[in-house]
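K.L.:
below is the structure, and that's it, no one-letter string:
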Ligand code: 5AD
Ligand code: SF4
């Protein structure tokens, strides 16, 4: 047998890219590639890219530039660009960066092994199809390499919502749900390999409507069936759109103990005028009432969100409305971004807000979010929580894990990775909590 070829993958952007990178590594694994953490050792470098904001997309080109000396020193090195920048820019990447050997979009990466073979023979290829066949049917079964107790599992991809700022409908394509049995089979396989927590992924995950044995299943139905898988202890899902937050899903949060009390539900803005311009198709008040309903079903629900500041036309009053909404919800966690005009999206035609104004708003908003995050964390001190132990900590005898509410928790314990420990939270640091295991 020949020496295994080494593959280095760098992942940008969202959790779905993390999942895709694993699947790409598995697909190339079947062709004799093993992954390495060291780019310099690699026979192939694959950048799995993100197009959501300009900064993320431009980073890919600077990273490609940084690979130039490596390629010069190692002419047989193959360089591939995958993911959403690959989808959006296709051939253009080869023109701008002649050192690239292959470009593959998020819906066609099951063809990566053939593209890698072509690259080894010196042939470049670009594949940004949205193929008829489903990539998941053409990927190898997930191997035993997965030793972590948590895993991502893509159940839905793409988006039909066309928010005015967003590239996802163009890069990931139309909304498609995977058949429920395939999802269940993949989940069971992961659990056999030691996974205790699964995060279901989709750009619009709560719009899931995959074929089940008795008609289409909603996300709530899928969650309830997954909850019956022995050994699977925790279920999460992300990312959701407020308009798809169906009653059966909200009810599941009140009834399924395995469904974790943490919900990422982006709203983007608290101003009805801006929500309308963003084509979000709901008002701030509808969002707030939705959260009331969710908290009625699950009072301890930790809310998370995404915000965009400086959307074209955003005034001080619009921004104040966003700050009011954040105060009303009280988030446990939130991500916020300065609006970035994306080519091909409707909002990109509009006059942007001055950069200094957007910067100042982002700072103000982030200060509020940070204070809410801190308060939510500090409120955990003294409480009993369950923590899934994920890895060894930095101190001897220390383990790090995640609480039900997704807080990182440090604890001194002999319990192994994969164990779910009951503990009392004893203190709160800026980005994590400390716990003490309770006697069983
Ligand atoms: N500019 C800034 N932020 C954006 N997002 C999506 N598109 C843009 C854009 N053009 C943010 C939204 C989304 C998150 C994944 O990224 O908040 O929820
Ligand atoms: Fe980025 Fe969106 Fe693509 Fe994820 S789906 S990598 S967030 S552009």
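P.N.:
Alright, I've got the coordinates. Since the model is a prediction, treat every value here as computed from it, not as a measurement. Residues are numbered from 1 along each chain as shown. Ligands and ions are numbered 1, 2, ... in the order given.

K.L.:
quick one, helices of this structure?
P.N.:
15-29, 54-66, 68-73, 83-89, 91-96, 112-120, 168-171, 180-192, 219-226, 247-255, 272-277, 284-297, 316-329, 355-378 (DSSP state H).

K.L.:
got a markdown table for the ones you listed, with distance to ligand 1 too?
P.N.:
Using the backbone N, CA and C atoms, a C-beta is placed for each residue, glycine as well. As requested, those are exported to a markdown table (distance: least, CB to the nearest ligand atom, whole Å):
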| stretch | distance to ligand 1 |
| --- | --- |
| helix 15-29 | 10 |
| helix 54-66 | 8 |
| helix 68-73 | 29 |
| helix 83-89 | 11 |
| helix 91-96 | 19 |
| helix 112-120 | 25 |
| helix 168-171 | 7 |
| helix 180-192 | 23 |
| helix 219-226 | 18 |
| helix 247-255 | 19 |
| helix 272-277 | 13 |
| helix 284-297 | 13 |
| helix 316-329 | 12 |
| helix 355-378 | 10 |
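
K.L.:
okay, those helices, which one's buried deepest?
P.N.:
Most buried of the helices of the chain by mean neighbour count (mean count of other CB atoms under 10 Å) is helix 83-89; its value is a mean of 26.

K.L.:
in JSON lines: the helices of the chain, plus distance to residue 345 and mean pLDDT.
P.N.:
Below are these laid out as JSON lines (distance: least, CB to CB, whole Å; pLDDT from 0 to 100):
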{"stretch": "helix 15-29", "distance to residue 345": "19", "mean pLDDT": "95"}
{"stretch": "helix 54-66", "distance to residue 345": "12", "mean pLDDT": "94"}
{"stretch": "helix 68-73", "distance to residue 345": "31", "mean pLDDT": "96"}
{"stretch": "helix 83-89", "distance to residue 345": "11", "mean pLDDT": "96"}
{"stretch": "helix 91-96", "distance to residue 345": "18", "mean pLDDT": "96"}
{"stretch": "helix 112-120", "distance to residue 345": "28", "mean pLDDT": "96"}
{"stretch": "helix 168-171", "distance to residue 345": "8", "mean pLDDT": "94"}
{"stretch": "helix 180-192", "distance to residue 345": "30", "mean pLDDT": "95"}
{"stretch": "helix 219-226", "distance to residue 345": "27", "mean pLDDT": "98"}
{"stretch": "helix 247-255", "distance to residue 345": "28", "mean pLDDT": "98"}
{"stretch": "helix 272-277", "distance to residue 345": "12", "mean pLDDT": "98"}
{"stretch": "helix 284-297", "distance to residue 345": "22", "mean pLDDT": "98"}
{"stretch": "helix 316-329", "distance to residue 345": "19", "mean pLDDT": "98"}
{"stretch": "helix 355-378", "distance to residue 345": "17", "mean pLDDT": "98"}
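
K.L.:
in the sheet, who's paired with the closest residue to residue 377 other than its chain neighbours?
P.N.:
Spatial nearest neighbour of residue 377, excluding adjacent residues (CB to CB, 6 or more residues apart in numbering): residue 428 at 4.8 Å. When bridges are called by DSSP bridges, residue 428 pairs up with residue 433.
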